[in-house]
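[1] Would you be able to build a 3D model of this:
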Amino acid sequence: MSDTSPRRALVVGSTGIVGQALSAQLVDQGWEVFGLSRSGGNPVAGVHAVRADLADPAGLAAALADVRPSFAAITAWTRQATEAENIAVNGAAVRNVLAALEPAGTLDHVALMTGLKHYLGPFEAYATGVMADTPFHEEEPRLSSPNFYYAQEDELFDAAARSGFSWSVHRAHTVFGFATGNAMNMVLTIGAYATICKERGLPFVFPGSATQWNSVTDVTDAELVAEQMIWTATHEAGRNEAFNIANGDVFRWRWLWPQIAAYFGLEWEGFEGEPRTLVAAMEGMEPVWADLAERHGLVEPDLARVASWWHTDGDLGRGIEVLTDMNKSRKAGFTAARDTRDAFFSYIERYRAARILP
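    Predicted coordinates:
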């Protein structure tokens, strides 16, 4: 490319909750953006869609041969039945992408999105071992439990050492954002739950633990992750570092839950005795959602692509306080923040405007 050509970026997982936000910001900033997904979908205008399977090295190499990005962001993962399978599949995904890009020699920076399971442990051993005190700091040592985030990091570090690009790791908490068919989408899950409660005349019951109801916590706006990724790619202080990424404010669910209920016009109930899970409460609600979708002209009648009950239950059911420290990022120069309450209701309005929620 000539000096006047736009900077070129590859977003791996471009149809996902962070991938969409990142793709949109890069396009707005004048980058030439390629979005890689298994479906080959292209939800963001101005993105060149690339279809490939992260588990297919040969297919990836062919699909990415002419992309030649200077910046790549890996925001995708695939949930497996065991952590051993998570490590094998998701570690290989990072290895395969970077191997496919290596021959061109154009990479300057690669950003990898992970999360707080770096500090909490994998799903199989979640919050069961000896963990650091909250708020979590980036310099904490790895836990002894096998963890696919560690495997992904190691693949990134090895490729960076071999090829000479810089890297960054972005450890997000629960992500608020805009996407469908995403495995970890709390805003849309809660929005779907509230919609079904309204439809069935049910109370809006907090599904989680006493700890999550009463304790201080934080979350991460997908657009903030995207901002931090671009910052690391364009500022020396962001290179070869791992950063937490959270909104910068803290809240209690006992404060936010009644406000969500009021927004949807629902009676609410807080924690009472033990978690009352969404998985249990929403069992068999697929026909209810399909009927809602037909009557309101919604674009997604499949409840499984709208709500991830298991993930929201996992986040809200934790028996420990979970929040992150953002000082490393701030000291390095990234000072952007989000108001969590504003972000939640802004995304609900976007889902309504897109006819995903009624």
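
[2] what's around R341, how many residues?
    Residues lying near R341 (other C-beta atoms under 10 Å) number 15. The way it works is simple: take the backbone N, C-alpha and C, and place the C-beta from them, glycine included.

[3] Next: V94.
    By other C-beta under 10 Å, 25 other residues sit near V94.

[4] before we move on, what about P141?
    By other C-beta under 10 Å, the residues close to P141 number 6.

[5] any idea whether it is helix, strand or coil?
    Following DSSP: H, G, I helix; E, B strand; the rest coil, the label given to P141 is coil.

[6] In contact with N90, which residues?
    77-78, 80, 148, 151-152 (C-beta atoms under 8 Å, 6 or more residues apart in numbering).

[7] Go through the residues you listed and give me the one with the most neighbours.
    Ranking the contacts of N90 using other C-beta under 10 Å puts F148 first, with 26 neighbours.

[8] picking up where we left off before, which of the contacts of N90 sits closest to R341?
    W77 (28.1 Å; C-beta to C-beta).

[9] Could you tell me how far the closest one is located from E223?
    Here W77 is placed at a distance of 19 Å from E223 (C-beta to C-beta, to the nearest Å).

[10] Kindly report the same for G35.
    G35 is 16 Å from E223, where distance means C-beta to C-beta.

[11] Which of those two has more residues huddled nearby?
    Taking other C-beta under 10 Å, G35 and E223 do not tie; G35 has more neighbours (29 against 22).

[12] what sits against that one?
    10-11, 14-15, 19, 23, 42, 44, 47-50.

[13] Longest helix in this protein, please.
    helix 83-101 (DSSP state H).

[14] R352 is in contact with H296, correct?
    No. Applying C-beta atoms under 8 Å as the test, H296 and R352 come out as separate, 9.9 Å apart.

[15] where do the contact lists of the two overlap?
    What both H296 and R352 touch, as defined by C-beta under 8 Å, 6+ apart, is the set P358.

[16] so which of the contacts of N90 would you say is closest to G208?
    The shortest approach to G208 among those belongs to W77, at 23.5 Å (C-beta to C-beta).

[17] Correct me if wrong: the closest one contacts F148.
    Yes. The pair W77 / F148 is scored as a contact, 7.4 Å apart, by C-beta under 8 Å.

[18] any residues in contact with both of those two?
    86, 90.

[19] And the helix or strand harbouring W257, what does it pack against?
    Using DSSP states H and E, W257 sits within helix 253-264. Counting contacts by 3 or more C-beta pairs under 8 Å, 6 or more residues apart in numbering; DSSP states H and E, helix 253-264 packs against helix 186-200, strand 204-205, helix 210-214, strand 268-269, helix 340-353.

[20] same for the fourth one, what does it pack against?
    Just to be clear, that refers to strand 268-269. For strand 268-269, the elements it packs on are strand 204-205, helix 253-264, judged by 3+ C-beta pairs under 8 Å, 6+ apart.

[21] Tell me which of those is the most buried.
    Stretch with highest mean neighbour count among those: strand 204-205 (a mean of 22; mean count of other C-beta atoms under 10 Å).

[22] what's that strand in contact with?
    Contact partners of strand 204-205, identified using C-beta under 8 Å, 6+ apart, comprise 193-194, 197, 257, 260-261, 264, 266-269, 276, 281.

[23] ok, and the closest non-adjacent residue to N86?
    F148 (4.0 Å; C-beta to C-beta, 6 or more residues apart in numbering).

[24] Just the contacts of G35: which are in helices?
    Using DSSP H, the contacts of G35 in helices are 19, 23.

[25] and which of the contacts of G35 is nearest to T106?
    Closest to T106, out of all of those and judged by C-beta to C-beta, is L10, at 10.0 Å.

[26] My guess is that closest one contacts S70. True?
    No. L10 is beyond contact range of S70, at 9.2 Å (criterion: C-beta under 8 Å).

[27] between these two, who's got more neighbours?
    L10 (28 against 17).

[28] mind listing what the more buried one touches?
    Counting by C-beta under 8 Å, 6+ apart, L10 has contacts 33-36, 50, 64, 67, 69, 71-73, 101.

[29] thinking again about what came up before, out of the helices and strands packed on helix 253-264, flag the one nearest T312.
    helix 186-200 (4.5 Å).

[30] List the buried residues of that closest one.
    Neighbour-count burial for helix 186-200, counted by 16 or more other C-beta atoms under 10 Å, picks out 186-197.

[31] From the residues you listed, pick the one nearest V216.
    Closest approach between those and V216, by C-beta to C-beta: M186, at 17.1 Å.
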